[in-house]
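K.L.:
What follows is a predicted structure for the sequence shown.
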Amino acid sequence: MRKIVILDGYTLFNTDLSFDALNDYGEVEFYERTPADLTATRIGNAEIVLTNKTVIDKKVIDECPSVKFISVLATGYNVVDCDYARTKGITVSNVPSYSTPSVVQHTFALLLELCARTGAHNDSVQKGEWQRSKDFCYWLNPLTELHGKVFGIIGYGNIGKSVARVAEAFGMKVLINNRTPFEGSVSLEKLLSEADVVSLHCPLTEQNKKFINKNTLSLMKPGAFLINTARGALIEEKDLKEALIEGKIAGAGLDVLDTEPPKDGNCLIGVKNCIITPHIAWASLDARRRLSAITLKNVASYIDGKPVNTVN
């Protein structure tokens, strides 16, 4: 019977989803998490490997000659050396587009929190401050209305397009900057200088790593918000901290950081007007169900000799 290994399934399956359907395709070994020094050992003689963030590099591939198929439990697949895997006859698949609705929703959750500060106002009410108020209402900081503002989207894939539709529903004007320009898109400089909200939805590449930095932040409006639900390494975090503290921009909403988890701390944690969530934009139950179903299809299609969602 073919062997299937799930190297780090906890974040996908957690306690509310099951991987039992994979048992129809082979003998399944499940690990919640796998440290780097155990990756090759746990793969062993498996033919099929499922990984989310556990790295499968050239060294691991060389140590595991039985592997023929790797399915990444995510859209991004940089954790696998896909080029080297191809030379070894290993097919690699990913799970595209499963999280789009969830990420779009979280993008606006971060933005709306910056605009209305519902969490802070709820905390204030729970502390009894409304009961002690002399007036029927109060606000802790200026409240921002999105209607009529300019929403800048950097990266116009499936998520960027969906974000644009929601922004337009709020009555916002949308500006788009894309790696491959098209009619109607604008330069990065124009977007940064005109947008009231800048939202990152581009993949991380060597070319755009840390492209949100002192120079690009200096182009933004003092009242602008920065949202990042893409990849943490798109931002030079110390420069963003400085921009927030000095009031060069009004706020940031981040679902991703350069290092995750930030075990040794992070310079943005505790900074005023910086909201941080622990990389959960993708993780709604509905999105994880889609991810699980597409992964099952990836495995079944590979076994049928017709692999889908291949990236190499």
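P.N.:
Nice, I can see it. Residues are numbered from 1 along each chain as shown.
K.L.:
Can you report phi and psi for Gly253?
P.N.:
Dihedral angles of Gly253 (phi, psi; degrees, to the nearest 10) stand at phi -120, psi 120.
K.L.:
close enough to count as contact, Ser124 and Gln131?
P.N.:
No. Ser124 is beyond contact range of Gln131, at 10.5 Å (criterion: CB atoms under 8 Å). The C-beta positions use only the backbone N, C-alpha and C, and glycine is treated the same way.
K.L.:
Show me which of the two is the more surrounded one.
P.N.:
Per other CB atoms under 10 Å, whichever of Ser124 and Gln131 has more neighbours is Ser124, with 16 against 7.
K.L.:
List the contacts of that one.
P.N.:
Trp130, Leu140 (CB atoms under 8 Å, 6 or more residues apart in numbering).
K.L.:
Would you mind measuring from it to Asn273?
P.N.:
According to CB to CB, to the nearest Å, Ser124 and Asn273 sit 17 Å apart.
K.L.:
same check, this time on Thr91
P.N.:
46 Å.
K.L.:
swap in Cys137?
P.N.:
Counting by CB to CB, the gap from Cys137 to Asn273 is 22 Å.
K.L.:
Those two - which one has more neighbours?
P.N.:
Asn273 (16 against 6).
K.L.:
leaving aside the residues next to it on the chain, what's closest to the more buried one?
P.N.:
Gly251 (3.9 Å; CB to CB, 6 or more residues apart in numbering).
K.L.:
and the one you found, how many residues sit next to it?
P.N.:
By the measure other CB under 10 Å, the count of residues near Gly251 is 24.
K.L.:
thought it was touching Val271?
P.N.:
No. Using CB under 8 Å as the test, Gly251 is too far from Val271 to be in contact (9.8 Å).
K.L.:
any residues in contact with both of the two?
P.N.:
Leu244.
K.L.:
Do you know the pLDDT at the residue lying farthest from the centre of the chain?
P.N.:
Distance to the chain centre peaks in the chain at Lys134, reaching 43.3 Å (criterion: CA atoms, centre = their mean). Per-residue confidence (pLDDT) for Lys134: 96.
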